[in-house]
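Colleague: What would the 3D arrangement of this be:
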Amino acid sequence: MKRRLFPLALTGLLTAVGLAGPVLAQSGYPSKPIRFVVPVPAGGAADVMSRMIAEHLQSRLGQTVVVENRPGAGSSLGMDVVAKAAPDGYTIGMGNIAANAINPAVRPSAFPYQPVKDFAAISLVGVTPLVLVVHAEKLPVKTLGEFVAYLKANPGKVAYGSSGIGSSLHLGMELLLQKTGTQAIHVPYKGSAPMLNDLLSGQVVASMDAAATSWPHVQKGTLRALGVSTAQRAFFAPDLAPIAESLPGFDVKPWHGVMAPAGTPQPIIDRLSQEIQAFIAQPATQAKLRERGVVPVGSSARDFAQAMIDEFEMYGKVVRDAGIKAQ
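Modeller: Model (predicted):
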């Protein structure tokens, strides 16, 4: 499946970053306001990141950048607006792991756009590490190795929570189970908050949770952290080993990145990418992102294009191997 997907996806995305297609931008770009579609409600980390970038672009490009929150359907409503907009550089959006990797894999027949080929990558802004946590009293394990051994000794008896079927928390744990050949009971919740409440009370005893919500409870001792989901160590826990050190290739990282409709002229993509990369590289920007649990990236358009392909393929395989279906 991977071999069939890759050539098609690579052609679509690398076309968007300059290997084919039109390369001449409209003269005088931008000559009117730019719409920045954010597919999540106002107030969250993604919205804050988007508004920071919009303010920077506005100051650098000399045109108003209007942030438009279009939440719904796991971010797909907003990204559908971006996918179907004119590819002229005046509509961009903040794509994410849900809208451009996981949800299309879980609901392939019901999705309104192609998550890879319908977009032109601009820049990967940042990633959010997850942390494998267990209830400190209810589960007698202190390391990832002990956790895996416990799962093998108790197949199908350990209950782990997630923020819902097809969420990054769900698929992150499923990937771990697949790589270790173990089984556990998935208990999906309608959001992270109710899941965390049951995790703290011991109704479920494990989760691959967002660090921003679980880490304070790790510091209090209620939860025990066994590993970080990103391939690199996290800035907030430099002594916590990545799961990848025990399971090579494990790299689960909810992400957010700026993209435009496929076919947007390459000079426009390049200009926007360069501005965003420069902004993310600023120490003040990096500090603000870290305050919200985000690891700053600021990638090139080409690197982001390849990352989108890799993420879509990886989660598609996890979904197929686990037999996950939308409900």
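Colleague: quick one, strands of the stretch 51-200 of the chain?
Modeller: 65-69, 91-96, 119-127, 130-135, 159-162, 185-188 (DSSP state E, counting those that start in this stretch).
Colleague: A211 is nearest to which of these?
Modeller: strand 130-135 (4.9 Å; C-beta to C-beta). Bear in mind the C-beta positions are built from the backbone N, C-alpha and C, glycine included.
Colleague: could you redo the strands of the stretch 51-200 of the chain as TSV and give each row mean neighbour count, distance to V204 and mean pLDDT?
Modeller: Below are the strands of the stretch 51-200 of the chain laid out as TSV (neighbours: other C-beta atoms under 10 Å; distance: least, C-beta to C-beta, whole Å; pLDDT from 0 to 100):
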stretch	mean neighbour count	distance to V204	mean pLDDT
strand 65-69	16	32	98
strand 91-96	27	25	98
strand 119-127	28	25	98
strand 130-135	25	8	98
strand 159-162	24	4	97
strand 185-188	15	5	97
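Colleague: Can I get these in JSON lines including distance to M195?
Modeller: Shown next, in JSON lines, are the strands of the stretch 51-200 of the chain (distance: least, C-beta to C-beta, whole Å):
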{"stretch": "strand 65-69", "distance to M195": "25"}
{"stretch": "strand 91-96", "distance to M195": "19"}
{"stretch": "strand 119-127", "distance to M195": "21"}
{"stretch": "strand 130-135", "distance to M195": "11"}
{"stretch": "strand 159-162", "distance to M195": "4"}
{"stretch": "strand 185-188", "distance to M195": "8"}
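Colleague: so which of those gets nearest M49?
Modeller: strand 119-127 (5.8 Å).
Colleague: Now do that closest one: which elements does it pack against?
Modeller: helix 2-14, helix 45-61, helix 76-83, strand 91-96, strand 255-261, helix 266-281, strand 295-296, helix 301-322 (3 or more C-beta pairs under 8 Å, 6 or more residues apart in numbering; DSSP states H and E).
Colleague: Please repeat the previous calculation with a cut-off of 6 Å.
Modeller: strand 255-261, helix 266-281, strand 295-296, helix 301-322 (3 or more C-beta pairs under 6 Å, 6 or more residues apart in numbering; DSSP states H and E).
Colleague: Give me whichever of those is most buried.
Modeller: strand 255-261 (a mean of 27; mean count of other C-beta atoms under 10 Å).
Colleague: Would you mind checking the average pLDDT for that one?
Modeller: Throughout strand 255-261, pLDDT has a mean value of 98.
Colleague: Show residues contacting that strand.
Modeller: Strand 255-261 is contacted from outside by 46, 85, 87, 92-97, 119-125, 127, 276, 304, using C-beta atoms under 6 Å, 6 or more residues apart in numbering.
Colleague: so is the closest residue to A136 other than its chain neighbours in a helix, a strand, or just coil?
Modeller: Spatial nearest neighbour of A136, excluding adjacent residues (C-beta to C-beta, 6 or more residues apart in numbering): R224 at 4.6 Å. At R224 the chain is in strand, as set by DSSP: H, G, I helix; E, B strand; the rest coil.
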